[in-house]
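Asks: based on what follows, work out the 3D shape:
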Amino acid sequence: MASIDDISFAALTSHPLFRPLAEEGCRQLAAEASTFRFHAGEHVFHTGGPAESFYLIQEGSIRLYRPNHEGNEKVFQILHGGDLLAETAMFADPCLYPLSAQAESAATLYRFSRAGLLAQARRHSEFCMHLLATMSARIYQAVNRIDHLTVGNASQRLVMYLLDLCREQRSRRIHFPVSNHALARQLNITPETLSRQLNHFKRTGLMDGKNRDWILLDLDALHLAVGLPSPGKAMREQFQVTDLGGNLFGCCNFR
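Replies: Now for the predicted structure:
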């Protein structure tokens with residue numbers, strides 16, 4: 001049976017963030033790794049807690065959220081198997097978790113130490129520059145997200161999310177990676193509004209499907225219906241991300 005060192009080493013080396021890191025560095029990080037399993041509803045960490053570890057999700061889903069002043073939860077993102085969790089927080093000083101992380105479903109995570117990551121960044125300049133480039137791209141993503149979530153209305157946010165899924169899944173046939181209820185929280189709209197808008201798009205012939213599986217029948221008309229500019233011919237044909245930080249709803253982690 002493979003050891004946790006071998007499993008976590010394989011997980012690290014297969015992740016894009018760690019590709020520039022030498023094998024020795026990945027093995028040193030993996031040697032300090034441990035595996036944690038969480039039931040649905042259990043917390044990995046809480047907002048403001050000391051951030052001494054980052055995680056790689058092996059399986060399951062984790063939601064990132066922050067309570068607001070009214071006691072409600074603002075959901076920032078839902079992460080899945082293969083995603084890193086809280087790795088950028090490791091470089092802050094003081095090092096505190098900016099968001100809470102809670103298991104959306106049963107989940108298995110590898111835990112890695114902050115000290116180990118900082119040590120590798122100091123030793124390997126190419127890896128350090130790669131980390132900086134990654135964080136720079138996320139700044140662009142975060143600016144885009146703030147712009148669209150504060151200016152756009154609910155229907156526009158939904159259409160922009162649908163376009164993101166087209167880019168990520170490279171198909172007009174898309175699958176929502178989370179439940180409609182969780183998606184509504186992520187888009188900062190009510191579940192009722194989301195359901196009503198999806199049904200409207202279906203009735204008007206812009207989309208077809210149900211639950212979490214949909215097909216986008218007319219991207220141009222979908223954008224026009226909510227007052228957004230056309231996504232463009234290249235986007236319609238290839239579903240490729242061509243702009244830096246184009247994955248609007250993927251700004252909270254490195255995939």
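Asks: what's the burial count for T108?
Replies: Neighbourhood size, T108 [other C-beta atoms under 10 Å]: 14. (Glycine included, C-beta is placed from N, CA and C.)
Asks: ok, now the one 4 residues further on?
Replies: A count of neighbours around F112, defined by other C-beta under 10 Å, yields 24.
Asks: mind listing the residues bridging to it?
Replies: For F112, the beta-bridge partners are F54 (DSSP bridges).
Asks: quick one: it and M207, what's the gap?
Replies: The gap separating F112 from M207 is 41 Å, by C-beta to C-beta, to the nearest Å.
Asks: same check on C95?
Replies: Distance from C95 to M207, by C-beta to C-beta: 44 Å.
Asks: which of those two has more neighbours?
Replies: Taking neighbours as other C-beta under 10 Å, C95 and M207 compare with M207 leading, 21 against 14.
Asks: need the three-state assignment for the nearest residue to the more buried one once chain neighbours are set aside.
Replies: Nearest non-adjacent residue to M207, counting by C-beta to C-beta, 6 or more residues apart in numbering: F201, 4.3 Å away. With DSSP: H, G, I helix; E, B strand; the rest coil as the basis, F201 sits in helix.
Asks: what pLDDT does F201 get?
Replies: F201 is assigned a predicted lDDT (pLDDT) of 95.
Asks: pull the number of nearby residues for it.
Replies: Using other C-beta under 10 Å, F201 is surrounded by 25 other residues.
Asks: again with T88
Replies: Counted with other C-beta under 10 Å, the neighbours of T88 add up to 17.
Asks: these two touch, right, it and A137?
Replies: No. Contact criterion C-beta atoms under 8 Å: T88 and A137 do not qualify, at 11.2 Å.
Asks: let me know the pLDDT of the closest residue in space to T204 that isn't next to it in sequence.
Replies: If the residues on either side of it in the chain are set aside, T204 comes closest to A225, at 7.1 Å by C-beta to C-beta, 6+ apart. We note a pLDDT of 92 for A225 in this prediction.
Asks: and Y65, by the same measure?
Replies: Note on Y65: pLDDT of 88.
Asks: hang on, the earlier thing: quick one, what contacts the residue nearest to M207?
Replies: M207, L222, A225 (C-beta atoms under 8 Å, 6 or more residues apart in numbering).
Asks: just L29 next, same as before
Replies: Neighbouring residues of L29 by C-beta under 8 Å, 6+ apart: S8, L12, F18, F112, S113, G116, L117, Q120.
Asks: wasn't the first one part of a helix?
Replies: Yes. S8: assigned to a helix according to three-state DSSP.
Asks: measure it to A30 for me?
Replies: Distance, S8 to A30, by C-beta to C-beta: 4 Å.
Asks: kind regards, and thank you for your time.
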